[in-house]
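Peer 1: I would like the atomic coordinates for the input below:
(one chain, ligands or ions: 1)
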Amino acid sequence: MKQAMIIVNPSSGKEEAVKHVIDIEAILRNKGYEVTVNETAKELDATRFCISACKDCYDLAVSIGGDGTLHETINGLIDQTHRPTLGIVPLGTVNDFARALQIPLDPEKAIQTLTSPRVKRVDIGRMNNQLFANVVAVGSLAETLSAVTSEDKSKLGALAYLKEGIKELTSRSAHPLIIRYDDKVWEGESPLFLAALTNSVGGFQQLAPDADVDDGLIHCFIIKDLSVINTITVGISLLSGHLQDHKDVIYFTAKNVSVSSTESVGTNVDGEEGPPLPVELSIIPRHIQVIVPEED
Ligand SMILES: Nc1ncnc2c1ncn2[C@@H]1O[C@H](COP(=O)(O)OP(=O)(O)OP(=O)(O)O)[C@@H](O)[C@H]1O
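Peer 2: Numbering: from 1, shown residues only. Here you go, the predicted structure:
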């Protein structure tokens, strides 16, 4: 019999995750799966559950939660020879990976997508000894995003990020960064470096409009200046899908990127606090399989 594991974060989605589990179990049993349900209680539980799904040769692992739960789930796939197909029920504030794969943000519709026969092979990123699904951010703005508390996210949703962003406008600082990519090097001061795998970053689907989930490339943006005036023009460029053409933005694609600094600089990975610099990024093309909606 086919085996499916549901990995559910009960604190996600304004704490409504668990009520969806009964419907998901029913749908999967109907599709012929034997279903195991695992609730996360703390950091890295989703990774541990996914590792056991790999070791026990599960056919499917369904992540129910926000981008944080998905990030932890995907990290269970690292260095595994058997990797279950992933199902995603997005319950977070941002849900970038689901957006990029056109998985509905309405939980009821996302649950129905689990019956879709369409499975897509998707790139995954590696940063040092962990995987990422969507985006790595480096610099003072990245450190700010890591400061958003789960309580704020549950209470305020996307406003939690706005609140921290406004605080950051008054206290931002650039760091000296050394960015090596393929055979090139960029050195300079930057408040923000972004490495994106998909076209959805922070809920903005226009940030990297050319990024496809299976193009085998890391789409990189070095923001050179984010003074108050520039914040407005960079913001307009971002919303109109032209961030890469902005005069204070360097855009490139690469398969390997390393970022270091002479100062202590923080990172943010898929919305979670990441390790300090230096970091090595690489792309693992079409490494995971995800259930996606049927094409129209
Ligand atoms: N039972 C639990 N109670 C509280 N926190 C939990 C629990 N289980 C896991 N976590 C933590 O929840 C975080 C992930 O939450 P979630 O999946 O909602 O992602 P998120 O990044 O907060 O989502 P988003 O930013 O899109 O709202 C992880 O840091 C994880 O360690």
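
Peer 1: In stretch 113-131, which residues are buried?
Peer 2: Judged by neighbour count (16 or more other CB atoms under 10 Å), stretch 113-131 contains these buried residues: 113-114, 120, 122-127, 130-131. Yep, even glycine has a C-beta here, placed from its N, CA and C like the rest.

Peer 1: Wait, residue 54 touches residue 86, no?
Peer 2: No - counting by CB atoms under 8 Å, residue 86 is not a contact partner of residue 54; they are 11.5 Å apart.

Peer 1: quick one, which of the two is more surrounded?
Peer 2: Between residue 54 and residue 86, counting by other CB atoms under 10 Å, residue 86 is the more crowded of the two (25 against 19).

Peer 1: what's the neighbour count on the closest residue to the more buried one other than its chain neighbours?
Peer 2: Once its chain neighbours are removed from consideration, residue 86 has its nearest residue in residue 290; the separation is 4.7 Å (CB to CB, 6 or more residues apart in numbering). In terms of burial, residue 290 registers 21 neighbours under the definition other CB under 10 Å.

Peer 1: Which elements pack onto the helix or strand where residue 290 lies?
Peer 2: Assessed by DSSP states H and E, residue 290 sits inside strand 279-291. Counting contacts by 3 or more CB pairs under 8 Å, 6 or more residues apart in numbering; DSSP states H and E, the secondary-structure elements packed against strand 279-291 are strand 85-90, strand 119-127, strand 135-138, strand 218-223, strand 256-260.

Peer 1: Report the distance from it to the chain centre.
Peer 2: Centroid separation between strand 279-291 and its chain, computed with CA atoms, centre = their mean, to the nearest Å, is 12 Å.

Peer 1: quick one, that strand and strand 218-223 angle?
Peer 2: With axes from the mean of the first three to the mean of the last three CA atoms, to 10 degrees as the criterion, the two stretches strand 279-291 and strand 218-223 enclose an angle of 130 degrees.

Peer 1: okay, the angle between strand 279-291 and strand 85-90?
Peer 2: Following the same axes, to 10 degrees, one obtains 90 degrees for the angle between strand 279-291 and strand 85-90.

Peer 1: Which one of the buried residues of stretch 113-131 is nearest to residue 295?
Peer 2: Within the buried residues of stretch 113-131, distances to residue 295 taken as CB to CB reach their minimum at residue 120, with 10.4 Å.

Peer 1: residues contacting the residue nearest to the closest one when sequence neighbours are not counted?
Peer 2: Of all residues not flanking residue 120 in the chain, residue 292 sits nearest, at 4.7 Å (CB to CB, 6+ apart). Contacts for residue 292 were tallied using CB atoms under 8 Å, 6 or more residues apart in numbering; they are 101-103, 113, 116, 118-120.

Peer 1: Turn these into CSV, columns for distance to the ligand.
Peer 2: Formatted as CSV, the entries for the contacts of residue 292 read as follows, by distance: CB to the nearest ligand atom, whole Å:
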residue, distance to the ligand
101, 15
102, 17
103, 13
113, 18
116, 22
118, 24
119, 23
120, 21
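
Peer 1: which stretch of helix or strand covers residue 195?
Peer 2: With elements taken from DSSP H and E, the one containing residue 195 is strand 192-196.

Peer 1: Can you tell me the strand partners of that strand and which way each runs?
Peer 2: Based on DSSP bridges, the strands next to strand 192-196 in the sheet, each with its direction, are strand 135-138 (antiparallel), strand 218-223 (antiparallel).

Peer 1: Buried residues, that strand. List them.
Peer 2: Of the residues in strand 192-196, 192-196 count as buried by neighbour count, 16+ other CB under 10 Å.

Peer 1: Stretch 187-204 too?
Peer 2: Buried residues in stretch 187-204, counted by 16+ other CB under 10 Å: 190-202, 204.

Peer 1: which among the residues you listed gets closest to the ligand?
Peer 2: Distance ranking of those against the ligand, using CB to the nearest ligand atom, places residue 202 first at 9.6 Å.

Peer 1: wait, that closest one sits on residue 94?
Peer 2: Yes - here residue 202 reaches residue 94: they are 6.2 Å apart, a contact under CB under 8 Å.
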